[in-house]
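Peer 1: I need the structure of the sequence given here:
(2 chains)
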Amino acid sequence: MKLNLLAVFATLYLLVLYAPIVLLPLFAFNDGTVIAFPLQGFTTQWFAALLNTPALHQATGNSLIIAVSTAILATILGLFAARAATRYSFPGKAGIVGFIMLPLVLPEVIVAISLLIVLMQLGLDSGTWSIIAGHTLICTPFAIAILQGSFANMDRSLEEAAVDLGETPWSTFRLITLPLVSPGIIASLLICFTISLDEFIIAFFLSGNEPTLPVYLWGQLRFPARLPVVMALGTILVVLSVLLLVVAETFRRRGLKRAGLKDTGGFL
Amino acid sequence: MSQNQSQNQSQKTPIVTLSGVQKYYGDYHALRGISAEIGQGEFFSLLGPSGCGKTTLLRAIAGFEDISEGHILLDGRDMEGVPPNRRPTNMVFQSYAIFPHMSVAENVGFGLRRSGKNAAEKRKAVGEALEMVGLGQFGARAAHALSGGQRQRVALARALIMKPKVLLLDEPLSALDKKMREVMQVELIRLQREVGITFILVTHDQEEALVMSDRIAVMFEGEIAQLDDPETLYRRPKSRRVAEFIGMMNFLPAQVSGEVAGRVDLDVKGLGRAELELAQCPSGARAGAAEVGVRPESLTLLYEGQSAEGGREASGTVREVVYYGDMTYYDILLDGAPAPVRVSMRNMPGRRVLDFGARARLAWDPRAMVLFC
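Peer 2: Below is the predicted model:
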């Protein structure tokens, strides 16, 4: 009896979680401008409409540039910070690490407004680069958290052994440290990319006349006739996200296998 | 490991010279003035309980720790400011630090990257190194598919291929089970004899140090308490603390009456009057209360019909019997002694194991005693 209740709960939970997402492809292929049942037949015209919207391509391009830059920047910064935090002890370490990790729990609105104020005070135009800066700020804590795990799993004497065998600190980093934390680096790149890609608030405040994909989507919601197109775009994003996760997980498992470690659970 | 052999070794040119080495971690004084000379080709051990500074000293020799004061000379060169990758030392780490993303051969050949050797020469060197540690067929094996003992051998091959002047071993056997440890102890001795490189071993296991070393430095709280060859260390510990740390020792209260012409006269509780040489009294001989140390194997149970030379006999009651197969340990409360002494006897055919509570007679020998004042 108890087990059955739990099963019902779990089923309901999953339904509530995923049913709305299933609606996306459903209406994306529905031949009607009104988002309502009953469905009115199959069409791919909304996907075709996506191809004919230059503003959308512009927004997608912006988003990709921002997400890729953010992922690389945040991961590089995270790599340095995570290594420093796990390998060295220095005065004020706990405080410094705490402050770096703070954006993780800081409301994004606050980050967005303060960045906007700083830009205005400096008399600078907001734009793609300012969104990259803002996204790097909020993604770096995620990168650090992921990479700290990788560094903590790595035996410190591996690096010492390489130095002992004649390598310089830099070549040790290249030959030993990087390959061994590479699963963490890939995970960090993918997660930062995803966070940046669908981040809205900072992008909305700082985008000026260069909207990112989420900002563009939000703008389209004002026009009911454009809703099916938004649905089509959403469908593509869902498929891409799932693909991305599968790729990330494959890399992670391959890394574990190569290092001969036991699988202790990843994101999938 | 005879005494003569180790004396020869200390007379050889020192390859490692430690003079007044001090190390502070903030307020913590980890090394308190370590001075020693380690000879070319010597098997030298740093022995002590955890936290005594032995690993810090080893890491300082390797270059992983800076020292606060003093000098470390390797082959006559002061190592101050020389990073680990430019020191003529190589290390076998406690965790072995086998690179998990490389094959066995890649691990062993790692240090040859900067050697200027061509691929064929490197392959040959790796093959020889693996052969030396008995892993000839394992070159292509992935590093993570190795057992503990094999990882240990890979770590050894990887360090020895560099032909270091000094090989540093940080508790290399502590991760192995007892059987494997004994095998590797003998193997390390053989390997060291073969390559003739100076080995410095860090261990907390006194038995391991006794088995393998030419000389042992016993360390407590950042200081060398005694530096001697294993036999001297075992037979003539310089302090009660060293005596307690190396093997098992009974301590009996004694009353020293005085010293005449190098002979020390004393009365040992439970045993009787004894005369010791001054050499047996590392902390000197003052009249008054003192303690006598005697190893379990230096006390002998007397069976019926046997008697001790010179009448040096004592009697008591068996309080504990611990049977080990080849040996039996007895705790015997001697008449007139405050606490039992441990006696170890080799079990032989026809020799009965005494029962708990039985009366027993002991023979003792003053030459096997050490006096701590």
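Peer 1: can you list the residues of chain B near chain A?
Peer 2: Proximity of chain B to chain A, by Cβ under 8 Å from any Cβ of the partner chain, involves residues B:62, B:64, B:83-85, B:89-91, B:93-95, B:97, B:99-101, B:110-111, B:113-114, B:142-145, B:158-159, B:162. Every residue, glycine included, has its C-beta placed from N, CA and C.
Peer 1: For the residue of chain B found nearest chain A, report the pLDDT, please.
Peer 2: Nearest residue of chain B to chain A (Cβ to the nearest Cβ) works out as B:His144 at 2.4 Å. Per-residue pLDDT puts B:His144 at 81.
Peer 1: and what of B:Ser6?
Peer 2: 46.
Peer 1: re earlier: I'd guess the residue of chain B closest to chain A is in a helix, am I close?
Peer 2: Yes. Residue state for B:His144 (DSSP: H, G, I helix; E, B strand; the rest coil) corresponds to a helix.
Peer 1: taking the residues of chain B next to chain A one by one, which sit in helices?
Peer 2: Among those, DSSP state H puts B:62, B:158-159 in helices.
Peer 1: Taking those, please make a ChimeraX selection of just the buried ones.
Peer 2: To isolate the buried members of those in ChimeraX, using 16 or more other Cβ atoms under 10 Å in any protein chain shown:
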select /B:62,158,159
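Peer 1: List the residue ranges of the stretch 1-150 of chain B that fall below the pLDDT cut-off.
Peer 2: Within the stretch 1-150 of chain B, the segments meeting pLDDT under 70 span B:1-12.
Peer 1: The stretch 51-200 of chain A now?
Peer 2: For the stretch 51-200 of chain A, no range has pLDDT under 70.
Peer 1: Alongside chain B, which residues does it contribute?
Peer 2: Counting by Cβ under 8 Å from any Cβ, the residues of the stretch 51-200 of chain A that sit close to chain B are A:155, A:157-158, A:160-168, A:176, A:179-180.
Peer 1: Pull out the buried members of these.
Peer 2: Burial by neighbour count, 16+ other Cβ under 10 Å: within these this picks out A:155, A:157-158, A:160-167, A:176, A:179-180.
Peer 1: Make a markdown table from the residues you listed and add distance to B:Arg361 and secondary structure to it.
Peer 2: Output for those, formatted as a markdown table (distance: Cβ to Cβ, whole Å; DSSP: H, G, I helix; E, B strand; the rest coil):
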| residue | distance to B:Arg361 | secondary structure |
| --- | --- | --- |
| A:Asp155 | 57 | coil |
| A:Ser157 | 55 | helix |
| A:Leu158 | 60 | helix |
| A:Glu160 | 58 | helix |
| A:Ala161 | 58 | helix |
| A:Ala162 | 63 | helix |
| A:Val163 | 62 | helix |
| A:Asp164 | 58 | helix |
| A:Leu165 | 61 | coil |
| A:Gly166 | 64 | coil |
| A:Glu167 | 66 | coil |
| A:Ile176 | 65 | helix |
| A:Pro179 | 69 | helix |
| A:Leu180 | 66 | helix |
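Peer 1: Show me chain B divided up by domain.
Peer 2: B:3-243, B:248-372 (automatic domain parsing).
Peer 1: Please identify the most buried of the ones you listed.
Peer 2: Each of the domains of chain B was scored by mean neighbour count; the highest is domain B:3-243, a mean of 19, by mean count of other Cβ atoms under 10 Å in any protein chain shown.
Peer 1: quick check, distance from that one to the centre of its chain.
Peer 2: Taking Cα atoms, centre = their mean, to the nearest Å, the mean C-alpha location of domain B:3-243 is offset from the chain mean by 13 Å.
Peer 1: What is the top helix by length along chain B packed up against?
Peer 2: Looking across chain B with DSSP H, the single longest helix is helix B:178-195. Helix B:178-195 is packed against helix B:119-132, helix B:148-160, strand B:198-203, helix B:206-212, with contacts defined by 3 or more Cβ pairs under 8 Å, 6 or more residues apart in numbering or on different chains; DSSP states H and E.
Peer 1: Any idea which of the ones you listed gets closest to B:Asp326?
Peer 2: B:Asp326 lies closest to helix B:206-212 among these, at 15.3 Å (Cβ to Cβ).
Peer 1: For the helix or strand that that closest one is followed by, which strands pair with it and how are they oriented?
Peer 2: Counting by DSSP states H and E, the next helix or strand C-terminal to helix B:206-212 is strand B:215-220. When pairs are called by DSSP bridges, strand B:215-220 turns out to pair with strand B:43-47 (parallel), strand B:223-228 (antiparallel).
Peer 1: Quick one, which of those gets closest to B:Gly149.
Peer 2: Nearest to B:Gly149, of the strands paired with strand B:215-220 and by Cβ to Cβ, is strand B:43-47 at 20.0 Å.
Peer 1: what residues does the closest one touch?
Peer 2: B:16, B:38, B:54, B:57-58, B:189, B:192, B:198-206, B:208-209, B:212-219, B:245 (Cβ atoms under 8 Å, 6 or more residues apart in numbering or on different chains).
Peer 1: Do you have the strands of the stretch 1-150 of chain B handy? List them.
Peer 2: B:14-25, B:28-39, B:43-47, B:69-74, B:77-78, B:89-92 (DSSP state E, counting those that start in this stretch).
Peer 1: Just tell me which of the ones you listed ends up closest to A:Tyr88.
Peer 2: Short answer: strand B:14-25, nearest of the strands of the stretch 1-150 of chain B by Cβ to Cβ, at 14.2 Å.
Peer 1: the inter-axis angle of that closest one versus strand B:215-220?
Peer 2: Put simply, strand B:14-25 runs at 10 degrees to strand B:215-220, going by axes from the mean of the first three to the mean of the last three Cα atoms, to 10 degrees.
Peer 1: helices and strands around strand B:14-25, which ones?
Peer 2: If contacts are counted by 3+ Cβ pairs under 8 Å, 6+ apart, strand B:14-25 sits against strand B:28-39, helix B:54-62, strand B:69-74, strand B:198-203.
Peer 1: Who are the packing partners of the first one?
Peer 2: Spelled out, that is strand B:28-39. Applying 3+ Cβ pairs under 8 Å, 6+ apart, we find strand B:28-39 packed against helix B:3-11, strand B:14-25, helix B:54-62, strand B:69-74, strand B:198-203, strand B:223-228.
Peer 1: Repeat that for the second one.
Peer 2: Helices and strands touching helix B:54-62, by 3+ Cβ pairs under 8 Å, 6+ apart, are strand B:14-25, strand B:28-39, strand B:43-47, strand B:69-74, strand B:89-92, strand B:166-170, strand B:198-203.
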